[in-house]
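[1] Here is my input; please provide its structure:
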Amino acid sequence: MSALALSVVLCLVSALAYAGGAIVQERVAATSPDRPYAPLHRAGWWVAVGLNGLGALLHVVALAYGPLSLVQPLGALTIVFALPLSAVFVRRRAGAAAWRGALLATAGLAGLLALTGGDGETEQGLAGGEQSVLLIATGAGVALLFLAAHRMRRPVLRSVLLAAAAGTSFGMASVFTKSVAEDFRLDQLSGRARRVHRARCGRSSGRSPCWPSAGCCCHRRPTGGRG
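    Numbering: from 1, shown residues only. As a prediction, this is how the structure comes out:
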């Protein structure tokens, strides 16, 4: 299995885990007493937390194998998987409006993947300064959304604002995770290239790898060093 196919499989399983966690959390929240932190005292809530943690872990692994432009949009399949899972496990049938929304989300996902290509060849990492600016801007935006949701009295609008804050945080977390994964992969490739280079130097000179007198570039003497 190629790395791209593996990332797609991991994304699909991650979306299933997220969908299962969302269904369990919604069920626990709906049946819990109307008092602060009541769902935290029920085992089902922590089962949902475990499912969300599994989904996050699989998403991180998928980012290590596939491009961000492919992995992140596939996370939108969570809402598509949530409908049949809810019908099977919670016995709650989705209405026509919900299925239309799922179909529109799938069509939008297909269009986005067609535009981005999903090959990752044009993806470039962020520099240190760009990461700092992105982190500050994202943190400020999420904080504003959270404050607006805290002051909002209508539950529907409050949930929309909180969902927007969560989605923004999730997207930016994926960006930084991909950056760390790329840096780790490049470090591994660099170390492997150095080992191959030293082994080739040893074979070409007939001596031990990277013998200094063989003229290997990795043993050049620094300026001002001892002779």
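[2] In stretch 129-145, which residues are buried?
    Across stretch 129-145, burial judged by 16 or more other Cβ atoms under 10 Å covers 138, 142, 145. Quick note: C-beta positions are derived from backbone N, CA and C, even for glycine.
[3] need those in TSV with pLDDT, can you?
    Below are the buried residues of stretch 129-145 laid out as TSV (pLDDT from 0 to 100):
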residue	pLDDT
138	88
142	91
145	91
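[4] With respect to residue 49, which of these is nearest?
    residue 142 (20.2 Å; Cβ to Cβ).
[5] isn't that closest one right up against residue 169?
    Yes. Counting by Cβ atoms under 8 Å, residue 169 is a contact partner of residue 142 at 5.5 Å.
[6] which residues does the most centrally placed residue in the chain contact?
    Closest residue to the average C-alpha location of the chain: residue 174 at 3.7 Å, with Cα atoms, centre = their mean. The contact partners of residue 174, by Cβ atoms under 8 Å, 6 or more residues apart in numbering, come to 59, 63, 68, 71-72, 75.
[7] So which of those residues are in helices?
    59, 63, 68, 71-72 (DSSP state H).
[8] How are the helices of the protein distributed by residue range?
    Under DSSP H, the chain gives helices at 3-31, 43-65, 68-74, 77-89, 96-116, 128-151, 155-205.
[9] which stretch among those comes nearest residue 37?
    helix 43-65 (10.0 Å).
[10] hmm, who's touching the closest one?
    Outside helix 43-65, the residues that reach it (Cβ under 8 Å, 6+ apart) are 3-4, 6-8, 10-11, 13-18, 20-22, 24-25, 27-28, 39, 71, 75, 174, 177-178, 181, 185.
[11] Of those residues, just the buried ones, PyMOL syntax please.
    Here is the PyMOL command that selects the buried residues among the contacts of helix 43-65 (16+ other Cβ under 10 Å):
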select buried, resi 7+8+10+11+13+14+15+16+17+18+20+21+22+24+25+27+28+39+71+75+174+177+178+181
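[12] Now stretch 181-197: average pLDDT?
    Regarding stretch 181-197, the rounded mean pLDDT is 59.
[13] The contacts of residue 174 into TSV, with extra columns for distance to residue 45 and pLDDT?
    Listed next are the contacts of residue 174 as TSV, based on distance: Cβ to Cβ, whole Å; pLDDT from 0 to 100:
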residue	distance to residue 45	pLDDT
59	21	90
63	27	86
68	31	83
71	27	86
72	27	84
75	22	84
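[14] how about those residues in JSON lines, adding distance to residue 85?
    Putting these into JSON lines (distance: Cβ to Cβ, whole Å) gives the following:
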{"residue": "59", "distance to residue 85": "18"}
{"residue": "63", "distance to residue 85": "24"}
{"residue": "68", "distance to residue 85": "26"}
{"residue": "71", "distance to residue 85": "21"}
{"residue": "72", "distance to residue 85": "21"}
{"residue": "75", "distance to residue 85": "16"}
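[15] which regions of the protein sit below the pLDDT cut-off?
    Scanning the chain for pLDDT under 70 picks out 116-128, 183-227.
[16] Now with 50, please.
    Applying pLDDT under 50 to the chain picks out residues 208, 211-215, 219, 225-227.
[17] tell me the contacts of residue 29?
    By Cβ under 8 Å, 6+ apart, the contact set of residue 29 is residue 39.
[18] how near is it to residue 76?
    22 Å (Cβ to Cβ, to the nearest Å).
[19] Name the nearest of the buried residues of stretch 129-145 relative to residue 86.
    For those, the minimum distance to residue 86 (Cβ to Cβ) is 26.5 Å, reached by residue 145.
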